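# make a model of this:
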Amino acid sequence: MNPKPLIFPFILVLLLSSCTGNAATQKIRIATFNVAMGLETEGELSIRLAAGDDAALAKVAEILQRVRPDVVLLNEFDYSPGSADLLRKNYLEKSQSGLEIISYQAAFMAAVNTGVKSGLDFNNNGRTDDPEDAWGFGKFPGQYGMLVLSRFPIDRSNMRSFRHFQWADMPGALQPVKENGKSYYPQEIWRKIRLSSKNHWDLPLEIEGSVIHFLVSHPTPTVFDGPEDRNGRRNHDEIRIWSDYISAESSAYLVDDAGQWGGIEPGAAFVIAGDLNADPADGDWMVNSISQLLHNDEINASCVPNSAGGTETSISQAGINLKHQGDPATDTADFNDEFAGNLRVDYVLPSNGLKILGCGVYWPAAGETGHELVKVSDHRLVWLDISY
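Numbers count the residues shown, from 1 in each chain. Alright, predicted model coming up:
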């Protein structure tokens, strides 16, 4: 019998197996990137997206085409219907500097608290129309919004958001107090304040028949307040939402915008991502803010992203950077070197059941490809590779 007819099908099966792989062997790259568009006018981002030739957006697209995350959260991307499609069509699906285009089949945007008028006087200045009086600081609704792009389907029917969750409903909430020990906010206001300065989303990603919950947010910066530390305390408790959400013992009080109580299902796979505005060792935040996640038993924070550019920039810019306790290689943001310096504030943190393959910060040093691109934002893209 001539065996040759059997050889080709056998080889074909092997090739198909090696190409398709399975969830246990595939590498998935998940990233967070605060693109810091810094736009002050409502609708400006949509105009620049539609133009298709905006230099800053082209750099953002080039960074994504170089790093090639399968899933990415973009912070400070103003919320407006249709903007995700414009970004994909006019920038990501066009080659930047000769690079291969990058496509995402799924995109998720939703309303955020920034710029949405509360009708309340949060900063105690006798007015209710300041950007600080919005549910989250902002000059217009949707400013500093969030966008998630994914190669994998997003299960929208089971997504959860916590935009309306009230701060006072968190047990042991760090209510801001004046120097005399009295509450900074009158009780009638304290009872109404929303905790999430933007939003907190649980987006189930459908990956090869399994699910990874993408838990994303952008807690308020800890500065721009007074001795009551209202922003520092809010930042702490915004981070605490995820710490409690992933714990069956601590999540019972949480209620999402659809009225569903509790946290994530025990044992569920998840990745927490975002500009969390808290450094483990330096900066103006409560000491244990980010420790709630980095030292959480449900999270594997063993892979600490780093870059050569972070170390180089810290040395060349000097200033307060020279007094920092943290390793500058792990910095993810390039802030004012007189007051804050460069800090680690952007995170991608996986649950314990996920196998980590690697992680990093996209911050090329001088002379390395892409060095000039990072100036598009004061934050750097942070990525994590996992297998599932």
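
# so residue 302 belongs to a strand, correct?
No: Residue 302 sits outside any strand when classified using DSSP: H, G, I helix; E, B strand; the rest coil, being coil.

# now the residue most central in space within the chain: which helix or strand?
A centroid search over the chain (C-alpha atoms, centre = their mean) returns residue 274, at 1.7 Å, as the residue closest to the centre. Here residue 274 sits within strand 270-275, counting by DSSP states H and E.

# can you give me the buried ones in the next helix or strand after that strand?
Sequence-wise, the next helix or strand downstream of strand 270-275 (DSSP H and E) is helix 291-294. By neighbour count with 16 or more other C-beta atoms under 10 Å, helix 291-294 contains the buried residues 292-294. C-beta: built from backbone N, CA, C; applies to glycine.

# what does the next helix-or-strand element following helix 291-294 contact?
Using DSSP H and E, the next helix or strand after helix 291-294 towards the C-terminus is helix 308-317. Residues from elsewhere that reach helix 308-317 (C-beta atoms under 8 Å, 6 or more residues apart in numbering): 321, 324, 328-332, 334, 337, 341-342, 361, 363-366, 368, 371, 374, 380.

# so how far is stretch 299-319 from its chain's centroid?
The chain centre lies 18 Å from the centre of stretch 299-319; the measure is C-alpha atoms, centre = their mean, to the nearest Å.

# cool, stretch 213-232 as well?
13 Å.

# in strands, which of the contacts of helix 308-317 appear?
Using DSSP state E, the subset of the contacts of helix 308-317 located in strands is 334, 342, 361.

# for the residue nearest to the centre of the chain, give the beta-bridge partners.
Taking DSSP bridges as the rule, residue 274 bridges to residue 347.

# test my guess that it contacts residue 217.
Yes: contact criterion C-beta atoms under 8 Å: residue 274 and residue 217 qualify, at 4.8 Å.

# overlap in contacts, those two.
What both residue 274 and residue 217 touch, as defined by C-beta under 8 Å, 6+ apart, is the set residue 146.

# do a quick rundown of the helices in the stretch 151-300 of the chain.
187-190, 230-245, 291-294 (DSSP state H, counting those that start in this stretch).

# which among those helices is found nearest to residue 56?
helix 230-245 (26.7 Å; C-beta to C-beta).

# gap between that closest one and the chain center?
Its chain's C-alpha centre and that of helix 230-245 lie 14 Å apart, by C-alpha atoms, centre = their mean.

# okay, the angle between it and strand 270-275?
170 degrees (axes from the mean of the first three to the mean of the last three C-alpha atoms, to 10 degrees).

# list the buried residues in helix 230-245.
Buried residues in helix 230-245, counting neighbours by 16+ other C-beta under 10 Å, are found at 230-245.

# what helices or strands is it leaning on?
Packed against helix 230-245 by the contact rule (3 or more C-beta pairs under 8 Å, 6 or more residues apart in numbering; DSSP states H and E) you find helix 291-294.

# elements contacting the helix it packs on?
Under the contact criterion of 3+ C-beta pairs under 8 Å, 6+ apart, helix 291-294 touches helix 230-245, strand 346-350.

# export the ones you listed to TSV and append columns for distance to residue 222.
Listed next are the helices and strands packed on helix 291-294 as TSV, based on distance: least, C-beta to C-beta, whole Å:
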stretch	distance to residue 222
helix 230-245	4
strand 346-350	15
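
# could you dump the ones you listed into JSON lines with distance to residue 316 and mean pLDDT added?
What follows is the helices and strands packed on helix 291-294, written out as JSON lines (distance: least, C-beta to C-beta, whole Å; pLDDT from 0 to 100):
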{"stretch": "helix 230-245", "distance to residue 316": "29", "mean pLDDT": "97"}
{"stretch": "strand 346-350", "distance to residue 316": "21", "mean pLDDT": "98"}
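
# quick one: buried residues of stretch 299-315?
Going by 16+ other C-beta under 10 Å, stretch 299-315 has these buried residues: 299-301, 303, 305-307, 309-314.

# try stretch 77-96
77-80, 83-84, 86-88, 90-92, 96.
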